[in-house]
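J.: Dropping a prediction and its sequence here:
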Amino acid sequence: MVHPLIGIHAALGEIGIFAFLWVFVEILNPTDQRMKRAKIVATLGFIFLLLSWIAGGYYYLNYYGPQVKPIIKEGPAPWAHEVVMEAKEHIFLFLPFLALLAAALLHQNAKSANQTRRATLLLCAIIILTGLAMAAMGYLISSGARAALEVA
């Protein structure tokens, strides 16, 4: 049975990623009202990514590592852990920090400095693309677990 923390982890992460997509759109053509919304949404996005980080870490330490990882490594797709999960767990560590940086840049009034606004746009794009990559990696890892369970 799929552990509920996987769904919670994924949902929190996706909400956080969509928050930064919203921020990206808001600061494309900044006004005072859009910047106010962007600051609020970036802060919420950071919180959601941080909560996803905590939920994912708790699941990894208490369930994935002791129970799921050995099944995947013994199954027909050990690369799902050896390559994809190893990459995911290291890349994912950066997302809350990138989100915090983006929120901090917005709170420094990114509207006034065009260079800062462009940097914030780039940072939001990196957060969005990294988040989408995390979702794809999660799918590959769960596929590896399903494949191992079908063989067993």
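T.: Cool, got the structure.

J.: For the helix or strand harbouring His90, enumerate the helices and strands it packs against.
T.: Here His90 is covered by helix 86-91, with elements defined by DSSP states H and E. For helix 86-91, the elements it packs on are helix 114-151, judged by 3 or more CB pairs under 8 Å, 6 or more residues apart in numbering; DSSP states H and E. The way it works is simple: take the backbone N, C-alpha and C, and place the C-beta from them, glycine included.

J.: number of nearby residues for the nearest residue to Gly75 once chain neighbours are set aside?
T.: With sequence-adjacent residues excluded and distances taken as CB to CB, 6 or more residues apart in numbering, Gly75 is closest to Ala148, at 2.5 Å. Using other CB atoms under 10 Å, Ala148 is surrounded by 21 other residues.

J.: same check, this time on Leu129
T.: So Leu129, with other CB under 10 Å, has 11 neighbours.

J.: quick one: contacts for it?
T.: Contacts for Leu129 (CB atoms under 8 Å, 6 or more residues apart in numbering) come out as none.

J.: In contact with the most centrally placed residue in the chain, which residues?
T.: The centroid of the chain falls nearest to Gly131 when counting by CA atoms, centre = their mean (4.0 Å). Going by CB under 8 Å, 6+ apart, Gly131 touches 13-14, 16-17, 20, 49, 95.

J.: Swap in 6 Å and give it another go.
T.: Taking CB atoms under 6 Å, 6 or more residues apart in numbering as the criterion, Gly131 is in contact with Ile17.
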